[in-house]
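Undergrad: got a predicted model here, sequence first, then my questions.
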Amino acid sequence: MLSTLKTEQPVEINPQGRWLLWLVAALLALLFAPTLLWLWDRWTLSVWHNGHGLLILGVVIYLVWEELRRQRHRKPGASAWGFAILLPALGLHMLDAGIHSQLLSAAAMFMALPGLSLLFLGAERTKAILFPLVMLLFTLPIPLVFTESIHLVLRHIAADSVAALLPLFGIPIFVEGTTLEIPNGTLQVADACSGFSTLYAAVTIACMTAYFCPDNRRRMLVLLVAVPLAIGVNIVRVMVLTLLVYWFGLDVLKTSAHEISGLLTFMVALPIIFWLGHVPAGGEGHE
């Protein structure tokens, strides 16, 4: 084993070895099946909490596919260094089996992917897709205890901004903390309306877009615009919801308009980031 780890060149995999690796991958998928179900439950629980996970996952799959398409001329190979990543990841999964957090298990699953890539695809292809694979860690749900202060800051930004903008429409408003009082009702800018999920997704997508962007100026632009864009889109969303409450009453928040507005923040912010980064459709990217 030690002599095998010293090689840096990918080697050809015989058909029997390839089937064995696919069998290992299938067993790992079975091992992490409860974790996958837990992640899916968190990603689909609400657009306000961890809804960005599915969006980031889709972008990662696209980027990995494009990079592997560009690497298709390389001969298939395998690197035993994959075990150096895979085994610690499995150890982390075993640790989570004792404490039942599921979060460590999810992190272990994503950590295992580069190891599997080394075993299946070799060092060169793994190097090409390593960055988007690492970015999968940003799909993990963050416990509220670590983000509570960020939520609060974002809530105040949204509330104060709407309080400054609403009088432009001739609508009186009184603000106390993150509570908005208008003639037709009182609105609370809660954590779900802070825009944190959009901010999280925007920063992650900006990092991936910048990495694959061939132009340094565009990279800098994408990274600088992500945070203000996400915050600005959420302010517009809270503003529109406040106007709807003023015009139609508080019952409008019980309709699908509330959740649709959350989806629209992703649908507006993320395409703008892609457009600014100008990721070529042909798959040209980072060398």
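TA: Structure received. Numbering: from 1, shown residues only.
Undergrad: alpha carbons only for contacts and neighbour counts from here, please
TA: OK.
Undergrad: quickly list the domain ranges of the protein.
TA: 2-139, 144-277 (automatic domain parsing).
Undergrad: roughly how far is the first one from the heart of the chain?
TA: Averaging C-alpha positions (CA atoms, centre = their mean, to the nearest Å) puts domain 2-139 16 Å from its chain's average.
Undergrad: do the same with the shortest one
TA: Mean-position distance between domain 144-277 and its chain equals 17 Å (CA atoms, centre = their mean).
Undergrad: got the phi/psi numbers for C213?
TA: Here is the backbone geometry of C213 (degrees, to the nearest 10): phi -80, psi 130.
Undergrad: re the thing from before, pick out the shakiest of the domains of the chain, pLDDT-wise.
TA: Note on the domains of the chain: lowest mean pLDDT is at domain 2-139, with a mean of 79.
Undergrad: show me where the stretch 1-150 of the chain has helices.
TA: Under the criterion DSSP state H, counting those that start in this stretch, the stretch 1-150 of the chain contains helices at 2-5, 15-31, 33-45, 52-70, 82-99, 103-121, 123-135, 144-165.
Undergrad: can you add distance to R218 and mean neighbour count and give those back as JSON lines?
TA: Supplementary listing: these in JSON lines, determined by distance: least, CA to CA, whole Å; neighbours: other CA atoms under 10 Å:
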{"stretch": "helix 2-5", "distance to R218": "40", "mean neighbour count": "9"}
{"stretch": "helix 15-31", "distance to R218": "38", "mean neighbour count": "13"}
{"stretch": "helix 33-45", "distance to R218": "30", "mean neighbour count": "16"}
{"stretch": "helix 52-70", "distance to R218": "18", "mean neighbour count": "18"}
{"stretch": "helix 82-99", "distance to R218": "33", "mean neighbour count": "16"}
{"stretch": "helix 103-121", "distance to R218": "28", "mean neighbour count": "23"}
{"stretch": "helix 123-135", "distance to R218": "18", "mean neighbour count": "20"}
{"stretch": "helix 144-165", "distance to R218": "26", "mean neighbour count": "16"}
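Undergrad: those: which one's closest to I272?
TA: When the helices of the stretch 1-150 of the chain are compared by CA to CA, helix 52-70 sits nearest I272, at 14.2 Å.
Undergrad: could you report the neighbour count for V238?
TA: Number of residues near V238 (other CA atoms under 10 Å) recorded here: 23.
Undergrad: tell me the SS of it?
TA: helix (DSSP: H, G, I helix; E, B strand; the rest coil).
Undergrad: ok, it touching A192?
TA: No - V238 is beyond contact range of A192, at 11.1 Å (criterion: CA atoms under 8 Å).
Undergrad: now the helices of the stretch 1-150 of the chain as CSV including distance to A202?
TA: Shown next, in CSV, are the helices of the stretch 1-150 of the chain (distance: least, CA to CA, whole Å):
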stretch, distance to A202
helix 2-5, 39
helix 15-31, 29
helix 33-45, 16
helix 52-70, 9
helix 82-99, 28
helix 103-121, 20
helix 123-135, 12
helix 144-165, 14
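Undergrad: and the helices in the stretch 151-287 of the chain?
TA: Here the stretch 151-287 of the chain has its helices, by DSSP H, counting those that start in this stretch, at 196-212, 216-248, 257-277.
Undergrad: which residues does the shortest one contact?
TA: Pointing back at helix 196-212 there. 48-53, 55-56, 59, 131-132, 135, 138, 150-151, 154, 218-220, 222-223, 226-227, 230-231, 234, 265-266, 269-270, 273-274, 277, 279, 284-286 (CA atoms under 8 Å, 6 or more residues apart in numbering).
Undergrad: and those, which of them are buried?
TA: By neighbour count, with 16 or more other CA atoms under 10 Å, those hold 48-53, 55-56, 59, 131-132, 135, 138, 151, 154, 218-219, 222-223, 226-227, 230-231, 234, 265-266, 269-270, 273-274, 277, 279, 285 as buried.
Undergrad: in contact with F146, which residues are there?
TA: The contact partners of F146, by CA under 8 Å, 6+ apart, come to none.
Undergrad: cheers, nothing more for now.
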